[in-house]
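>>> I'd like to go over a predicted model; first the sequence, then the structure.
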Amino acid sequence: MPQRQIIIRLIPLLLVAIAVSVGFDRPLASDGAVSFEPKPRGSTVQKYSDWMSRLSDDAKLSELSLPGTHDSGALYDSLSFGFAKCQSWRLADQLRAGIRFLDIRCRRVDDHLLVYHGIIDQQLTFREVCDACRTFLEQHPSECIVMSVKEEAEASNSKRSFAESFSVETQQDGDLWHVTRDVPRLKDVRGRIVLIDRVATLGGIHWDGLNRQDQYEAPLDIKSRVVREQFENATQGDADQWHINFCSGVLVKQLVTPRQYAARSNRATLDFLNQTGTGKRRRLGTVVLDFPGEDLIARIVESNFDSAPAK
């Protein structure tokens, strides 16, 4: 194909890329529903690093309201023009701010597990994820971390299966991991990582056994509705059924990045939760977010308790 024709065909793609990176994905302000700051506030860290210490040992994890992050390790865009980055805070800061559910997606590269979002390398190894979690739990033994592990992208130059690679990567962790198909009580998992298995061969809690809402390509008006409906399902449903509610999303054809989607979806979520009232315990399930704001995290955490939100 002549060079001129190649250039002509590339022009629309270049225009879209420029529009997303410069115009459509312009900087958005942080507020209580979203945060685009590099770290949470010190006051938030002080209040919510040990919030699970206030919970009963006998509570099942399925009975709790847990704030979580979607694509928890996705801090880099590379050449995705705004579509790969889902978080502003590193894992350690997410945990210190009160996040207790991590969504970790790994690609097998040379028989090692590396964190990816789609085809975008997030410059983080699974071993580093484990080390960050261990450090946090050693400093905050009253807490537990729920971690969903998923295989992302096609393996590269790897002979081991994902399960074999996972076993090798975690063999030095001792009893850090709680790996069982059953939903545990908090007393059995304080100071540990509870595995949710999205690979189906790792031995953790089955992803398909959870009651999930993850309409990640839904228009924002529909997304707000299904998020509210899943909150109602969690509140009214069986306490043994674990509910997962993804507020995250993306609209590629409309050039709406995860950042832009979160700015509206998180705000609608926080507004809805505030409308339901405060100071009374209400099970929300596990609420999974892009760019979570500190007010939204606090609102989810405090729904576990019959008391006014911490000041």
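Yep, it's here.
>>> Can you point out the buried residues in stretch 134-144?
134, 136, 137, 140, 143, 144 (16 or more other Cβ atoms under 10 Å). The C-beta positions use only the backbone N, C-alpha and C, and glycine is treated the same way.
>>> Export only the CA atoms of the longest strand seen in the chain, formatted as CSV.
Using DSSP state E, we find that the single longest strand of the chain is strand 101-109. Only the C-alpha atoms of strand 101-109 are listed here, as CSV (Å, rounded to 0.1, in the frame of the first residue of the first chain):
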residue,chain,number,x,y,z
PHE,A,101,-11.4,-5.6,48.2
LEU,A,102,-8.7,-5.7,45.5
ASP,A,103,-9.2,-6.7,41.9
ILE,A,104,-5.9,-8.0,40.7
ARG,A,105,-5.4,-9.0,37.0
CYS,A,106,-2.3,-10.8,36.0
ARG,A,107,-0.6,-11.8,32.7
ARG,A,108,1.8,-14.7,32.6
VAL,A,109,5.1,-13.4,31.1
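>>> and it, average pLDDT?
On average, the pLDDT along strand 101-109 is 98.
>>> That strand: what's the following helix or strand?
Once the chain leaves strand 101-109, the next helix or strand it forms, by DSSP states H and E, is strand 112-117.
>>> partners of that next one in the sheet?
Sheet pairing for strand 112-117, assigned by DSSP bridges, gives strand 101-109 (antiparallel), strand 120-125 (antiparallel).
>>> Ok, which of those comes nearest residue 154?
strand 101-109 (7.7 Å; Cβ to Cβ).
>>> Now render the strands paired with strand 112-117 as JSON lines, adding distance to residue 285.
Output for the strands paired with strand 112-117, formatted as JSON lines (distance: least, Cβ to Cβ, whole Å):
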{"stretch": "strand 101-109", "distance to residue 285": "10"}
{"stretch": "strand 120-125", "distance to residue 285": "26"}
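>>> highest average neighbour count across these?
The highest mean neighbour count among those, using mean count of other Cβ atoms under 10 Å, belongs to strand 101-109: a mean of 24.
>>> Please give the centre-to-centre distance between that one and its chain.
With Cα atoms, centre = their mean, to the nearest Å as the basis, strand 101-109 stands 11 Å off its chain's centre.
>>> Okay, strands next: where are they in the stretch 101-250 of the chain?
101-109, 112-117, 120-125, 145-151, 177-178, 193-197, 205-206, 211-213, 243-246 (DSSP state E, counting those that start in this stretch).
>>> what would those strands look like in JSON lines with distance to residue 160?
Below are those laid out as JSON lines (distance: least, Cβ to Cβ, whole Å):
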{"stretch": "strand 101-109", "distance to residue 160": "7"}
{"stretch": "strand 112-117", "distance to residue 160": "9"}
{"stretch": "strand 120-125", "distance to residue 160": "15"}
{"stretch": "strand 145-151", "distance to residue 160": "12"}
{"stretch": "strand 177-178", "distance to residue 160": "18"}
{"stretch": "strand 193-197", "distance to residue 160": "17"}
{"stretch": "strand 205-206", "distance to residue 160": "22"}
{"stretch": "strand 211-213", "distance to residue 160": "29"}
{"stretch": "strand 243-246", "distance to residue 160": "29"}
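>>> Out of the ones you listed, which gets nearest to residue 294?
The nearest among the strands of the stretch 101-250 of the chain, by Cβ to Cβ, is strand 101-109 at 16.5 Å.
>>> show me where this protein has helices.
3-18, 42-48, 91-96, 126-139, 162-170, 220-236, 258-275, 294-302 (DSSP state H).
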